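[1] attaching a predicted model along with its sequence, questions to come.
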Amino acid sequence: MKFILTLIALLAAPLAEAHGDKPHTPVAHAPAEQTGWGIAGTVATRTVQVDLLDTMRFSPDRIEVAEGETIRFVIRNRGRMLHEMVVGTPAELAGHAALMARFPDMEHDAPYMAHVAPGQSGEIVWTFNRAGEFEYACLLPGHYEAGMRGRIEVKAVAAAQPPVNEGVVRKVDRVAGKVTLKHGPLVTLDMPPMTMVFRASQAGLLDGLKAGDRVRFDAELDGGAYVVTRIERLP
């Protein structure tokens, strides 16, 4: 029987790597592998706290993430029974939950899951490098069926559009943070072609520029001053 359960656990990878109805010593994770819902992370860009409740709910039960973010989930068990948080696609979690219902003594451990004893905390650090709709759930027998699930929406990040205006650098004053540009029509500012001085929106924006460079740039009117917000040299 033990051999059969072990074989089933292996065949159910990646989610069903091992499971249990009681706390157990965490197993060292294998090297990070890409999944359909992301990859194990290291340095988090944001921390999100998730509470596990005996009402068979997560708090919060909905999380929004930008594609490419690495989230450190701090998971606190506020109840009196063992709970867990497992991140995955809805299909993967549903399949694994069904397997757990059949074989409740299986144990599992992976970077996208945390088993948390009553009154204790755990964490998951996960990079969401795939846009889409994902879930987190407690897959302990009966918990998933009772609705202990949450939703993660990973929003795609739109590619940055190149600057829209073109011109030629006439002078660069890095000390004052200003650049003189001879430019064509600035449609967004309703300005005809001319040569004028722009203030740089941030330090370092003018680094590497010199008189004579052909550039593409974005500009805006800020407090009565014309400001370059992005600028890049053209070949």
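    Received it, and whenever you're ready, just let me know what you need.
[2] and the pLDDT at residue 26?
    pLDDT, residue 26: 41.
[3] what of the one 4 residues further on?
    At residue 30, the model reports a pLDDT of 53.
[4] how about the residue most central in space within the chain, what does it touch?
    When C-alpha atoms, centre = their mean is applied to the chain, the residue found nearest the centroid is residue 69 (2.3 Å). Applying C-beta atoms under 8 Å, 6 or more residues apart in numbering to residue 69 gives the contacts 45-46, 127-128, 154. In this view, the C-beta of every residue, glycine as well, is placed from N, C-alpha and C.
[5] can you flag the buried ones in these?
    The neighbour-count test (16 or more other C-beta atoms under 10 Å) marks 127-128, 154 as buried among these.
[6] nearest to residue 85, of the contacts of residue 69?
    Nearest to residue 85, judged by C-beta to C-beta, of these is residue 128 at 14.8 Å.
[7] wait, that closest one sits on residue 154?
    Yes - the pair residue 128 / residue 154 is scored as a contact, 4.6 Å apart, by C-beta atoms under 8 Å.
[8] common neighbours of the two, please.
    With C-beta under 8 Å, 6+ apart as the test, residue 128 and residue 154 both reach 38, 65-67, 69, 134.
[9] weed out the non-buried ones from these.
    Buried, going by 16+ other C-beta under 10 Å: 38, 65, 67, 69, 134, out of these.
[10] report how many residues lie close to residue 115.
    If you count neighbours by other C-beta atoms under 10 Å, residue 115 ends up with 26.
[11] let me redo that: residue 50
    Neighbour count of residue 50, defined by other C-beta under 10 Å: 21.
[12] give the pairing partners of the helix or strand encompassing it; include direction for each.
    Taking DSSP states H and E as the criterion, residue 50 maps to strand 46-53. Paired with strand 46-53 in the same sheet, following DSSP bridges, are strand 57-59 (antiparallel), strand 70-77 (parallel).
[13] just for this structure, where's the confidence low?
    1-31, 160 (pLDDT under 70).
[14] break it into its domains for me.
    Under the assignment automatic domain parsing, the domains of the chain span 2-155, 165-233.
[15] and residue 209, how many neighbours?
    Neighbourhood size, residue 209 [other C-beta under 10 Å]: 19.
[16] report the buried residues of the lengthiest helix in the chain.
    Ranked by residue count, the top helix of the chain under DSSP state H comes out as helix 90-102. Buried residues in helix 90-102, counted by 16+ other C-beta under 10 Å: 92-94, 96-97, 99-100.
[17] could you export stretch 223-230 as CSV, CA atoms only?
    Taking Å, rounded to 0.1, in the frame of the first residue of the first chain, the C-alpha atoms of stretch 223-230 are listed here in CSV:
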residue,chain,number,x,y,z
GLY,A,223,4.3,74.5,-13.5
GLY,A,224,4.9,76.8,-16.4
ALA,A,225,8.2,75.1,-17.5
TYR,A,226,8.7,72.7,-20.4
VAL,A,227,10.1,69.4,-19.1
VAL,A,228,11.7,66.5,-20.9
THR,A,229,10.4,63.3,-19.3
ARG,A,230,12.1,60.8,-21.6
